[in-house]
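Asks: From the sequence below, what's the structure:
(one chain, ligands or ions: 1)
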Amino acid sequence: MKMQITEKLEWGKYARPSENKQSAIHNWFVYHHSFGKTLVSEILNELKLDRKARVLDPFCGSGTTLLVCQHKGIECVGMDLMPLSILVSRAKTNHYSVVNLRNTFKKIESSLDRIDSYPKPDISIINKAFTQKAWDQIQSIREVVETRSCGKVRDFFLTGLLGVVSSFGAYSNDGGFPRLVRRPKVPLKDLQLTFMNRVNKMTNEVELCNSLHQYDGGRVPIIITHDARNTLNKLGRFDAIVTSPPYPNRHDYTRVYTAELAAAFLKNNEELKKLRARLFRSHIEAKPDDTVSLIDEIRPFIKILRALRESPKADDRVPGMLRAYYQDMEKTLSAIWKLLKPNAVAAIVVGNVRFSGVMVPVDEITALIGRNIGFISQGILVIRYRGNSPQQMRDFGKITSRESIVMLRKGA
Ligand SMILES: C[S@@+](CC[C@H](N)C(=O)[O-])C[C@H]1O[C@@H](n2cnc3c(N)ncnc32)[C@H](O)[C@@H]1O
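Replies: Numbers count the residues shown, from 1 in each chain. Here you go, the predicted structure:
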């Protein structure tokens with residue numbers, strides 16, 4: 001059966017998180033890989049979900065789906081495996097008393113003079129990009145936040161700190177991978193001020209949202225550390241899923257956010273590697289397992305593997321990474337199938353990728369796996385065409401790749 005592919009290019013500008021950077025609360029911490037809040041809003045409208053609906057985002061990242069649902073009064077549950085995602089998603093969706101935030105701010109501010117010494121963890125980018133003085137200052141602020149606040153207020157201030165950490169390391173994350181640069185974006189002498197300005201701005205945004213009654217009806221979502229590949233019965237069933245799993249584009253979240261992870265959650269490189277190994281296998285070190293998987297029977301995928309193996313320029317780790325990626329996709333789709341109510345729809349935002357001139361239609365293969373699991377494909381909505389990298393363009397010519405929403409419905 002042929003896959004129905006329709007363009008919805010008017011949503012393309014919301015595929016990336018630029019609008020979130022300008023939006024109250026969303027801007028507290030934006031992932032490079034987040035989708036825009038309007039994309040979520042449009043999907044929820046398209047699915048005609050009302051306030052009685054329950055929505056799940058099993059890869060909640062920095063919480064875009066959760067926050068949009070909350071503002072629409074829709075109950076939402078989020079999962080993720082990165083502690084950073086859990087922290088910032090919770091911080092963005094909690095309800096706060098502004099008086100409490102301002103009082104805590106005063107307590108934190110009055111304790112900031114003392115700077116202790118903290119050994120840097122044995123993590124390469126931290127050692128190369130952060131001076132010892134910068135690390136000491138970041139850790140001293142973290143310590144004050146941890147001791148002067150607790151619960152959701154602590155999450156709020158910690159999110160404020162992690163939102164500024166990358167500005168004090170001599171590296172850039174613009175390309176999706178940390179790259180060393182000559183000097184940090186902001187001089188170290190401004191660290192405390194930058195932190196205080198940030199949490200002040202965050203508090204003002206809470207005050208504004210409270211006064212606009214933006215939280216009215218919007219319950220605080222349940223957000224849990226959970227592997228989307230495993231089912232979880234205690235959460236009940238959902239009317240829809242709006243999510244975006246990692247793309248198989250070699251990007252590795254634990255590398256992109258090493259500084260934030262090391263600043264607040266991980267002690268050493270060993271813990272970082274363990275976290276990396278637990279995440280969805282979308283990056284180049286990922287290896288497939290021995291289990292027999294649906295992906296091994298999907299013909300377009302077999303052709304892609306052959307083309308990659310025959311391409312003289314292909315990195316020979318890519319076929320293994322792609323198999324591992326689809327093994328994970330199969331597990332995820334099986335898990336979410338069980339979590340959906342009859343007739344419920346999963347809207348899954350994915351990006352196609354191209355390796356050594358070989359196009360991998362991630363959207364179509366995801367839809368095919370979904371069908372084999374028992375979903376009814378509702379078609380693929382193409383929201384954007386992305387250009388290829390200058391190097392790929394030089395070697396293989398200009399070919400765009402789709403960024404799409406795979407719509408899968410569970411039968412009645
Ligand atoms: C593309 S990002 C999601 C971004 C999100 N839509 C947003 O707007 O911020 C993918 C997320 O999946 C998470 N992740 C990776 N592997 C996971 C797994 N096995 N289970 C749950 N979450 C996972 C990553 O930590 C990351 O936060």
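Asks: tally of neighbours for residue 112?
Replies: 17 (other CB atoms under 10 Å). To be clear about C-beta, it is placed using only N, CA and C from the backbone, and glycine gets the same treatment.
Asks: quick one: the closest residue to residue 39 other than its chain neighbours from residue 69, how far?
Replies: Of all residues not flanking residue 39 in the chain, residue 14 sits nearest, at 3.8 Å (CB to CB, 6 or more residues apart in numbering). Distance, residue 14 to residue 69, using CB to CB, to the nearest Å: 16 Å.
Asks: Among these two, which residue is more densely surrounded?
Replies: Between residue 14 and residue 69, counted using other CB under 10 Å, residue 69 has the larger neighbour count: 31 against 21.
Asks: do the helix or strand encompassing that one and the ligand meet at all?
Replies: Under the criterion of DSSP states H and E, residue 69 resides in helix 64-72. Yes: judged by CB under 6 Å from any ligand atom, helix 64-72 comes into contact with the ligand at residue 64.
Asks: So which bits of the very next helix or strand once past that helix are buried?
Replies: Next helix or strand after helix 64-72 toward the C-terminus (DSSP H and E): strand 75-80. Buried residues in strand 75-80, counted by 16 or more other CB atoms under 10 Å: 75-80.
Asks: do stretch 279-286 as well
Replies: 279-283, 286.
Asks: now stretch 79-93
Replies: Neighbour-count burial for stretch 79-93 [16+ other CB under 10 Å]: 79-82, 84-93.
Asks: Could you single out the nearest of the buried residues of stretch 279-286 to residue 310?
Replies: Distances from residue 310 to the buried residues of stretch 279-286, taken as CB to CB, are shortest for residue 286 (21.8 Å).
Asks: How about the contacts made by the residue in the stretch 51-200 of the chain positioned nearest to the ligand?
Replies: The minimum distance from the stretch 51-200 of the chain to the ligand, using CB to the nearest ligand atom, falls at residue 61 (2.5 Å). By CB atoms under 8 Å, 6 or more residues apart in numbering, the contact list for residue 61 reads 31, 33-34, 80, 85, 89, 244.
Asks: so after the helix or strand of the chain with the lowest mean pLDDT, what's the next helix or strand?
Replies: Across the helices and strands of the chain, mean pLDDT, DSSP states H and E gives its lowest value to helix 390-396, namely a mean of 68. Next helix or strand after helix 390-396 toward the C-terminus (DSSP H and E): strand 401-409.
Asks: and the spatially most central residue of the chain, what element?
Replies: Nearest to the mean C-alpha position of the chain, by CA atoms, centre = their mean, lies residue 61 at 3.0 Å. Per DSSP H and E, residue 61 falls between elements, in no helix or strand.
Asks: ranges for the helices of the stretch 201-350 of the chain?
Replies: In chain order, the stretch 201-350 of the chain shows helices spanning 253-256, 258-264, 269-278, 299-310, 318-339, with DSSP state H, counting those that start in this stretch as the criterion.
Asks: The ligand versus the residue nearest to residue 39, what's the distance?
Replies: From residue 14 over to the ligand the distance is 11 Å, taken as CB to the nearest ligand atom, to the nearest Å.
Asks: The ligand next: which of the buried residues of strand 75-80 are close?
Replies: Near the ligand, by the rule CB under 6 Å from any ligand atom, you find 79-80 out of these.
Asks: Angles on the backbone of the residue nearest to the centre of the chain, please.
Replies: phi 50, psi -130 (degrees, to the nearest 10).
Asks: Now do the same for it: its pLDDT.
Replies: pLDDT recorded at residue 61 is 98.
Asks: and if you look at residue 2?
Replies: At residue 2, the pLDDT recorded in the model is 71.
Asks: residue contacts, it?
Replies: Contacts of residue 2 (CB under 8 Å, 6+ apart): none.
Asks: ok, so what distance separates it from the ligand?
Replies: Distance from residue 2 to the ligand, by CB to the nearest ligand atom: 28 Å.
Asks: List, one by one, the residues from the chain near the ligand.
Replies: So far as CB under 6 Å from any ligand atom goes, the chain lies against the ligand at 31, 33-35, 58-59, 61-62, 64, 79-82, 85, 227-229, 244-246, 253, 279-280.
Asks: Show me the shaky parts of this structure.
Replies: 1, 175-176, 214-217, 250, 388-397 (pLDDT under 70).
Asks: in this protein, which spans are strands?
Replies: For the chain, the strands defined by DSSP state E occupy 5-7, 54-57, 75-80, 171-172, 179-180, 222-225, 238-243, 340-351, 353-355, 358-360, 376-386, 401-409.
Asks: most tightly surrounded among these?
Replies: Counting by mean count of other CB atoms under 10 Å, strand 54-57 has the highest mean neighbour count of these, with a mean of 26.
Asks: ok, residues contacting that strand?
Replies: 44, 49, 65-66, 69, 74-79, 235-243, 336, 339.
Asks: wait, what's in contact with residue 317?
Replies: 284-285.
Asks: how far away is it from residue 369?
Replies: 22 Å.
Asks: same thing with residue 248?
Replies: In terms of CB to CB, residue 248 sits 13 Å off from residue 369.
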